[in-house]
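Student: Got a predicted model here, sequence first, then my questions.
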Amino acid sequence: MSPLYGAAFGFNTDRRVKPVHFATGFFVSLLGRNYRDEILNNVVAFSDGKDLTGLYALNNLHPELVRSGKMASGVGKRELHTLRKHLRCLAGNDDAVFPAYAEKAGFGCDYSTAAHDILTRTKDNDGFAGFFTYSILDATDDGRFILDFARRCLNAPNPTLRQVFQPLLEAEHTEEDSASRYEARFGELDTKRVKGIAKRAAKQTKALRTLCENADSLAATETKLRFLIIGLCLWLFHYLIEESVGNTGEPIALLADVSGDSRSRMRAQSRSSYSRLREALIAGFATFAESGRFDECAEAWDYVKDEQQGRPKFEEFYRELALRSGLAQPRASRVPAKHFEPQPDTLRVLVLSVLPVSDGFVALTQLLDRLYEVWGLVFGGRPQDADLLGQLCYVALDQDRDLTPNVTALVELLSDLGLATRFSDGLVMCHSQPRF
């Protein structure tokens, strides 16, 4: 991986990073410990139709589980195979589980089910993005509140999904010094830089705190962690955009199309918004170079700058983060043109991040104001949206034919999620407490 990305953003990845990779790096940095959980890996890391060796092979695994007392002797191999399929679905929901202790290890192993003793870090698949985010949050009061929330959730007494895996988990752990490992890779994370980023991300960090406060009263442990991971991915995505575009003075606007019409002008302009921000992120590397951020990796920058078609390859991380956080669609790789359209669970997280339960009912325009001010999302329902979009050269959009129908579709989605109520006089009020 190019050292440019570490110098540009504080972590180093130019490949497909799933939320579960990021979550593993973040949680291991938070707790400072790592569990081997080899038997768990033996049970869930397998693929149908492939020859397996060691304890990954069913014929070897079955007697070992019986011998160690982790499985009753009356359970046959056929039943164990069926059980493995179910456990694989739970532990590997993000398709990030591979044999970590085989003769030829896979791509590392990151489990979807989050609890403190299911944390296994065999490879740095997130390029230290998790540690970087942890470090920025640890620099502010709001950020430390989020970290305390995460610790409580991870250390919750026997959450439901953890109980499924409990017989396969290990009590012993190894200490994980993420700071030293980060420093060996990138050098010490400069305190001045951390404080600067924390200050610029203050609104987003405050929103994550609101999300945690809301989740504490509304959700089960596993859901709390899911909300937090989605929220952290949104935080990281906004950081990328702010770091690249913020210095230009141009407003950050993620034009979201929720109309459902792939041939509409809203969809076309939302695709343009996605592409423009991606290109602005790549163009930001030249600005980083001018500011001296690449002084210690000048050769890498010269290679990218001078090589034919040698543009930085960070755009893949941009795409993966936007898609896998649920901020952009479609997920299918065969559809190259992406657009901003929050998926329902992502939209719930966005609302919960800007609308405390204690606020009760707020007008739709207030919610839209907050979503723009914190996350840069534009749906077209604020009085000033038409002027903002015109300023950004989205000139083909009409209020009545494009923007208003888009907002109507948003209200439908919020209502379906129990986050908006339409009263008999046509007034739409939004709230964090679901109402069905």
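Tutor: Looks like it came in fine. Keep in mind the model is a prediction, meaning the values are calculated, not measured. Residues are numbered from 1 along each chain as shown.

Student: what's near enough to touch the residue sitting furthest away from the middle of the chain?
Tutor: Outermost residue of the chain with respect to the C-alpha centroid, by C-alpha atoms, centre = their mean, is G74; its distance is 42.0 Å. Not one residue lies near G74 by C-beta atoms under 8 Å, 6 or more residues apart in numbering. Bear in mind the C-beta positions are built from the backbone N, C-alpha and C, glycine included.

Student: Export stretch 223-234 to PDB, keeping only CA atoms.
Tutor: Output of stretch 223-234 as PDB, limited to C-alpha atoms (Å, rounded to 0.1, in the frame of the first residue of the first chain):
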ATOM      1  CA  THR A 223     -28.300  -3.200  17.800                       C
ATOM      2  CA  LYS A 224     -26.400  -0.500  19.800                       C
ATOM      3  CA  LEU A 225     -23.100  -1.700  18.400                       C
ATOM      4  CA  ARG A 226     -24.500  -2.000  14.900                       C
ATOM      5  CA  PHE A 227     -25.800   1.600  15.100                       C
ATOM      6  CA  LEU A 228     -22.300   2.700  16.400                       C
ATOM      7  CA  ILE A 229     -20.400   1.000  13.600                       C
ATOM      8  CA  ILE A 230     -22.600   2.600  10.900                       C
ATOM      9  CA  GLY A 231     -22.200   5.900  12.700                       C
ATOM     10  CA  LEU A 232     -18.500   5.600  12.800                       C
ATOM     11  CA  CYS A 233     -18.300   4.700   9.100                       C
ATOM     12  CA  LEU A 234     -20.400   7.900   8.400                       C
END
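
Student: in that stretch, what's buried?
Tutor: Residues 224-234 are the ones in stretch 223-234 that count as buried (16 or more other C-beta atoms under 10 Å).

Student: With secondary structure as extra columns, can I get those in a markdown table?
Tutor: Output for the buried residues of stretch 223-234, formatted as a markdown table (DSSP: H, G, I helix; E, B strand; the rest coil):
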| residue | secondary structure |
| --- | --- |
| K224 | helix |
| L225 | helix |
| R226 | helix |
| F227 | helix |
| L228 | helix |
| I229 | helix |
| I230 | helix |
| G231 | helix |
| L232 | helix |
| C233 | helix |
| L234 | helix |
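
Student: what's the burial count for D190?
Tutor: Residues lying near D190 (other C-beta atoms under 10 Å) number 10.

Student: what about it, distance to E299?
Tutor: 22 Å (C-beta to C-beta, to the nearest Å).

Student: any weak-confidence spans in the stretch 101-250 of the chain?
Tutor: For the stretch 101-250 of the chain, the stretches with pLDDT under 70 are 106, 247.

Student: residue ranges of the strands in it, please?
Tutor: For the stretch 101-250 of the chain, the strands defined by DSSP state E, counting those that start in this stretch cover 174-175.

Student: And the stretch 301-436 of the chain, by the same measure?
Tutor: Counting by DSSP E, counting those that start in this stretch, the stretch 301-436 of the chain has strands at residues 328-329, 339-340, 362-363, 377-378, 420-422, 428-430.

Student: how far does the second one sit from the chain's center?
Tutor: Mean C-alpha position of strand 339-340 versus that of the full chain (C-alpha atoms, centre = their mean, to the nearest Å) differs by 16 Å.

Student: Give me the contact list for it.
Tutor: Here strand 339-340 makes contact (C-beta under 8 Å, 6+ apart) with 254-257, 267, 270-271, 273-274, 322, 327-329, 377.

Student: what would those residues look like in TSV with neighbour count?
Tutor: Shown next, in TSV, are these (neighbours: other C-beta atoms under 10 Å):
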residue	neighbour count
L254	24
L255	28
A256	27
D257	27
R267	19
S270	27
R271	19
S273	23
Y274	25
A322	24
L327	27
A328	26
Q329	19
L377	22
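
Student: Adding pLDDT and distance to D416, write the residues you listed out as JSON lines.
Tutor: Formatted as JSON lines, the contacts of strand 339-340 follow (pLDDT from 0 to 100; distance: C-beta to C-beta, whole Å):
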{"residue": "L254", "pLDDT": "96", "distance to D416": "22"}
{"residue": "L255", "pLDDT": "97", "distance to D416": "22"}
{"residue": "A256", "pLDDT": "97", "distance to D416": "16"}
{"residue": "D257", "pLDDT": "97", "distance to D416": "17"}
{"residue": "R267", "pLDDT": "95", "distance to D416": "20"}
{"residue": "S270", "pLDDT": "96", "distance to D416": "20"}
{"residue": "R271", "pLDDT": "96", "distance to D416": "25"}
{"residue": "S273", "pLDDT": "95", "distance to D416": "24"}
{"residue": "Y274", "pLDDT": "96", "distance to D416": "24"}
{"residue": "A322", "pLDDT": "94", "distance to D416": "23"}
{"residue": "L327", "pLDDT": "97", "distance to D416": "19"}
{"residue": "A328", "pLDDT": "96", "distance to D416": "20"}
{"residue": "Q329", "pLDDT": "94", "distance to D416": "17"}
{"residue": "L377", "pLDDT": "98", "distance to D416": "18"}
